[in-house]
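Asker: coords please:
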Amino acid sequence: MTHAAAALTITAAALLLVASWHRGEVEAALGLDTETDAPPAADWIDEMNAGIAAISNAIAPTPAAGMMPSEGLRAMLKQGEALRLVPYRLGDGGQTIGYGRYYPDGGPAAPGSITRQEAEEFFDADLEARAARWVRAYVSAPLQQHEFDALCHMAYNLRPASFKTIADAVNAGSDPEAASLQFIRAGSSLERGLRNRRAVEIALYRQGTYA
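Answerer: Model (predicted):
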């Protein structure tokens, strides 16, 4: 790496640290649940982090930088999310349509109905925007395809700040189970379903089991 590239990487890392600190301050001040809430005040921080990661990967690509979700992962996510062509009201607020496209309360309304083709287009866009790009952004450790897929599965229903906790564990050489179990809504009516989801994801990460 040239001196100029190294300097850009150091600058990007410094900006990422500052963004992460400010993200924590914003979320703490607003009393946010980082697993599900997506506040406009913090969205720009997530986007800045993604941009910094893209710059860093352009300079010195991480092993995950060029990876894409597999067809096995796509089928697994679609089966788990289930196709809905009209909006479905969530028990903890908001609506989804298609394969889990989320519309929070207070934001733009979900369409009254969509076609199967629109659902497929939404899914393609969401798999990239909500999952794959955050694995590429935050995971610097070498990954096998099934590990990348498992992390995409986790990221698909987490905020980037929450997923980064899991990515940090992987980067440290740890199994991601303990980190992922921080996001199960303990004590809520959603806990059982989220525990089951995490179990499926960990099985994929460890054994390459596409359930």
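
Asker: C-alpha from now on. contacts and neighbour counts both.
Answerer: OK.

Asker: What pLDDT does the model give the residue positioned nearest the centre of the chain?
Answerer: The chain has residue 155 as the residue nearest its centroid, 2.4 Å off, counting by Cα atoms, centre = their mean. On pLDDT, residue 155 comes in at 98.

Asker: which residues sit in contact with it?
Answerer: 130, 131, 132, 134, 135, 163 (Cα atoms under 8 Å, 6 or more residues apart in numbering).

Asker: Alpha carbons of stretch 68-76, as PDB, please.
Answerer: The C-alpha trace of stretch 68-76 is given here as PDB (Å, rounded to 0.1, in the frame of the first residue of the first chain):
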ATOM      1  CA  MET A  68     -22.500 -11.800  -3.100                       C
ATOM      2  CA  PRO A  69     -25.400 -13.600  -1.400                       C
ATOM      3  CA  SER A  70     -25.900 -17.100  -2.800                       C
ATOM      4  CA  GLU A  71     -29.000 -18.600  -4.300                       C
ATOM      5  CA  GLY A  72     -29.300 -20.800  -1.200                       C
ATOM      6  CA  LEU A  73     -29.400 -17.700   1.000                       C
ATOM      7  CA  ARG A  74     -32.000 -16.000  -1.200                       C
ATOM      8  CA  ALA A  75     -34.300 -19.000  -1.100                       C
ATOM      9  CA  MET A  76     -33.800 -19.300   2.700                       C
END
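
Asker: How about residues contacting that stretch?
Answerer: By Cα under 8 Å, 6+ apart, stretch 68-76 touches 132, 145, 148, 149, 150, 152, 153, 210, 211.

Asker: so which of those residues comes closest to residue 191?
Answerer: Checking the contacts of stretch 68-76 against residue 191 with Cα to Cα, the nearest one is residue 153 at 17.3 Å.

Asker: how about the closest one, secondary structure?
Answerer: helix (DSSP: H, G, I helix; E, B strand; the rest coil).

Asker: wait, isn't it in contact with residue 130?
Answerer: No: counting by Cα atoms under 8 Å, residue 130 is not a contact partner of residue 153; they are 9.8 Å apart.
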